[in-house]
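*Asks:* whatever this is, show me its structure:
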Amino acid sequence: CPRDGGACPCRVSSVLNRDVKQFGKKHMFDASEETCWNSDQGTCQWVTLDFPGTVKVSQLHIQFQGGFSSRLCTLEGCRAGEELVKISDLYPEDTHAMQISFAAFQVEETVLDKLKITFENSTDFFGRIVVYHLGVLGERL
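*Replies:* Just a heads-up that it's a prediction; the model follows:
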């Protein structure tokens, strides 16, 4: 997603109290330590990124709020016009403290136009997920 406030080619499963101004998806990409995407409650929250062109993904960075992370993240991806297929499972750590935990995952280099991250198992009793930063590293093709 562009940092300049332009259109964000991503979707999220939900936003806490539908308050997109305070907790919307754009906050995962604004490079601010003060803002975040905060999902509403419910199981299997997710983020989908639709890249403006084909990319080769090599690494994923996720910065969660401790106590509001996911024990299991499923990555799925596809090329334009295709169905999503599973790429891998990631197992972030959760400190269960009111602090931010940062996870960087090496992923098998995958060429795709769309990436979906599903947060399968929230550490929060109500299923909420809080992400301060989401970054996908790789190269444009």
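
*Asks:* for the protein, what helix or strand is lowest in average pLDDT?
*Replies:* strand 100-119 (a mean of 77; mean pLDDT, DSSP states H and E).

*Asks:* right, and the helix or strand after that strand?
*Replies:* Remark: after strand 100-119, the chain's next helix or strand is strand 130-140, criterion DSSP states H and E.

*Asks:* run a quick neighbour tally on the closest residue to residue 91 other than its chain neighbours.
*Replies:* Nearest residue to residue 91 in three dimensions, chain neighbours excluded: residue 72, at 6.1 Å (CB to CB, 6 or more residues apart in numbering). Glycine gets a C-beta too; all of them are placed from N, C-alpha and C. Here the number of neighbours of residue 72 (other CB atoms under 10 Å) works out to 13.

*Asks:* now swap in residue 87 and tell me
*Replies:* Look at residue 87: counted by other CB under 10 Å, it has 20 neighbours.

*Asks:* assign a three-state SS to it, would you?
*Replies:* Secondary structure assignment for residue 87 (DSSP: H, G, I helix; E, B strand; the rest coil): strand.

*Asks:* give me the element the nearest residue to it once chain neighbours are set aside is part of.
*Replies:* Excluding its sequence neighbours, the residue lying closest to residue 87 (CB to CB, 6+ apart) is residue 75, at 4.3 Å. For residue 75, the host element (DSSP H and E) is strand 73-78.
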